[in-house]
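A.B. asks: structure here, sequence nowhere to be found:
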């Protein structure tokens with residue numbers, strides 16, 4: 001495996017060795033300028049080959065895989081990525097499923113309240129609103145500008161607040177929440193901290209222990225580069241024992257007593273029901289192993305360096321940046337606007353006509369740099385922005 005972190009050594013561009021590796025694993029980078037990683041990342045070639053290997057096995061059902069060995073290996077890889085224990089990892093199909101499991105399993109009672117920053121992604125909000133018929137209410141803390149102050153969020157915590165739910169990285173503009181500060185506050189008050197990690201896992205260091213996270217859910221289609229239909233659910237060991245899954249299957253229980261009482265696993269395994277989508281699990285693990293081999297700290301530094309180059313160029317062109325400016329709240333996502341929605345729409349269309357891919361979101365045009373992007377990708381989008389007829 002090419003260890004990017006060792007080869008890069010702080011140089012401004014990839015060495016030819018790593019350049020060749022990126023071209024081999026991510027052929028898309030030589031075909032288009034792809035900066036839409038906050039929507040979906042391309043999967044590495046090795047991950048696609050792993051899926052193809054599993055597809056080929058469908059013709060050979062008489063040679064079943066060692067399911068438990070495969071699952072445990074994938075759990076260990078994901079646990080290493082976020083500094084968790086492998087027993088605290090379960091597999092999910094998307095972020096919504098993971099947040100939904102948290103909402104339906106945590107010990108909440110009528111009158112309890114869930115605090116959510118506003119705006120947030122619907123995947124994080126809808127599962128809690130679904131508890132309204134049960135008497136659980138959702139409180140919104142509105143924020144504007146490029147982000148919110150963590151102390152303002154915590155000041156909105158009330159006597160009946162039992163859950164604080166938020167994204168590690170905000171999907172609209174890349175604002176990064178101080179999870180360590182929020183998590184410490186919540187744990188001291190026995191408040192569950194539920195985190196949507198889909199915009200950070202794979203491109204930023206995440207330490208669930210340091211941040212006192214109760215539950216973290218992340219689909220694999222974005223920065224984890226694992227494709228759609230897979231993801232991971234982290235549930236802290238002491239929290240898992242207090243949760244009652246809405247669905248139970250044979251893989252989630254230790255035994256059934258003679259009286260018919262279920263003995264659930266005391267950890268995240270209690271959320272696993274029946275047969276797994278092993279091809280998806282294996283694909284996700286393959287991409288995670290690539291990230292671990294490269295070094296997540298290096299991946300983040302590389303992506304942030306590219307994002308910073310884009311930020312400086314956007315500012316030089318007189319565009320309004322809507323992503324945060326403070327170092328502590330910055331991710332590899334860059335958001336900016338022309339100041340007019342109609343012009344933003346035209347600009348995104350012009351970029352696509354030139355094979356440059358970004359997203360249009362409520363707070364402007366969103367671009368995201370991953371480690372496989374290159375300096376020329378940033379320079380290419382800046383050239384088109386400079387040429388665009390305002």
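C.D. replies: Arrived safely, thanks for sending. Note that this is a predicted model, so its numbers are computed, not measured.
A.B. asks: pLDDT weak spots in the stretch 251-390 of the chain?
C.D. replies: Within the stretch 251-390 of the chain, the stretches with pLDDT under 70 are 326-328, 389-390.
A.B. asks: let's see that with 90 instead.
C.D. replies: Scanning the stretch 251-390 of the chain for pLDDT under 90 picks out the ranges 251-265, 272-276, 324-330, 362-363, 387-390.
A.B. asks: can you pull out the strands in it?
C.D. replies: Counting by DSSP state E, counting those that start in this stretch, one finds strands in the stretch 251-390 of the chain at the ranges 253-256, 262-264, 320-321, 333-337, 356-357, 359-361, 364-368.
A.B. asks: for the stretch 51-200 of the chain, same thing?
C.D. replies: 89-92, 113-118, 137-142, 161-167, 192-196.
A.B. asks: skip the chain neighbours and tell me the closest residue to residue 197.
C.D. replies: residue 218 (4.0 Å; Cβ to Cβ, 6 or more residues apart in numbering). Quick note: C-beta positions are derived from backbone N, CA and C, even for glycine.
A.B. asks: part of a helix, is the one you found?
C.D. replies: No. Going by DSSP: H, G, I helix; E, B strand; the rest coil, the assignment for residue 218 is strand, not a helix.
A.B. asks: what's the burial count for it?
C.D. replies: 30 (other Cβ atoms under 10 Å).
A.B. asks: that older thread, quick one, which of the strands of the stretch 51-200 of the chain is packed in tightest?
C.D. replies: Counting by mean count of other Cβ atoms under 10 Å, strand 192-196 has the highest mean neighbour count of those, with a mean of 26.
A.B. asks: neighbouring strands of that strand in the sheet, and parallel or not?
C.D. replies: Applying DSSP bridges to the sheet, strand 192-196 is found paired with strand 161-167 (parallel), strand 215-219 (parallel).
A.B. asks: contacting residues for the nearest residue to residue 174 once chain neighbours are set aside?
C.D. replies: Sequence neighbours aside, residue 333 is the residue nearest to residue 174 in space, at 2.8 Å (criterion: Cβ to Cβ, 6+ apart). Neighbouring residues of residue 333 by Cβ atoms under 8 Å, 6 or more residues apart in numbering: 38, 169, 173-174, 199, 307, 323, 366-368.
A.B. asks: now residue 41
C.D. replies: Contacts for residue 41 (Cβ under 8 Å, 6+ apart) come out as 202, 221-225, 370.
A.B. asks: with residue 39 instead?
C.D. replies: By Cβ under 8 Å, 6+ apart, the neighbours of residue 39 are 222, 359, 368.
A.B. asks: any idea which element it lies in?
C.D. replies: Using DSSP states H and E, residue 39 sits in no helix or strand.
A.B. asks: where's it relative to residue 274, distance?
C.D. replies: 31 Å (Cβ to Cβ, to the nearest Å).
A.B. asks: kindly report the same for residue 142.
C.D. replies: 41 Å.
A.B. asks: cool, residue 218 as well?
C.D. replies: On the measure of Cβ to Cβ, residue 218 and residue 274 end up 22 Å apart.
A.B. asks: what do you get for residue 58?
C.D. replies: Counting by Cβ to Cβ, the gap from residue 58 to residue 274 is 18 Å.
A.B. asks: one more: residue 241?
C.D. replies: 22 Å.
A.B. asks: now residue 317
C.D. replies: In terms of Cβ to Cβ, residue 317 sits 53 Å off from residue 274.
A.B. asks: compare these two (neighbour count), which wins?
C.D. replies: Just comparing residue 317 and residue 274: by other Cβ under 10 Å the higher neighbour count belongs to residue 317, 14 against 9.
A.B. asks: quick one, what contacts the more buried one?
C.D. replies: 382, 385-386.
A.B. asks: quick check, nearest of those residues to residue 54?
C.D. replies: Distance to residue 54, by Cβ to Cβ, is smallest for residue 382 among the contacts of residue 317, at 40.7 Å.
A.B. asks: ok, now which ones touch the closest one?
C.D. replies: Counting by Cβ under 8 Å, 6+ apart, residue 382 has contacts 310, 313-314, 317.
A.B. asks: compare those and tell me which is most surrounded.
C.D. replies: In these, the most neighbours by other Cβ under 10 Å go to residue 310, 25 neighbours.
A.B. asks: hmm, residue 332 and that one touching each other?
C.D. replies: No. Taking contacts as Cβ atoms under 8 Å, residue 310 lies outside contact range of residue 332: 9.5 Å.
A.B. asks: what residues are shared contacts of the two?
C.D. replies: residue 369.
A.B. asks: can you lay out the contacts of residue 317 as TSV showing distance to residue 132?
C.D. replies: Compiled in TSV, these are given as follows (distance: Cβ to Cβ, whole Å):
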residue	distance to residue 132
382	46
385	44
386	49
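A.B. asks: hang on, the earlier thing: dump the strands of the stretch 51-200 of the chain into a markdown table; add distance to residue 229 and mean pLDDT as well.
C.D. replies: Shown next, in a markdown table, are the strands of the stretch 51-200 of the chain (distance: least, Cβ to Cβ, whole Å; pLDDT from 0 to 100):
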| stretch | distance to residue 229 | mean pLDDT |
| --- | --- | --- |
| strand 89-92 | 10 | 96 |
| strand 113-118 | 26 | 96 |
| strand 137-142 | 28 | 95 |
| strand 161-167 | 21 | 98 |
| strand 192-196 | 18 | 98 |
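A.B. asks: could you point out the longest helix of the protein?
C.D. replies: helix 296-316 (DSSP state H).
A.B. asks: identify the residues contacting that one?
C.D. replies: With contacts defined as Cβ under 8 Å, 6+ apart, helix 296-316 is touched by 4-5, 8, 81, 202-205, 291, 321, 323, 330-334, 336, 367-371, 373-375, 377-379, 381-382, 385.
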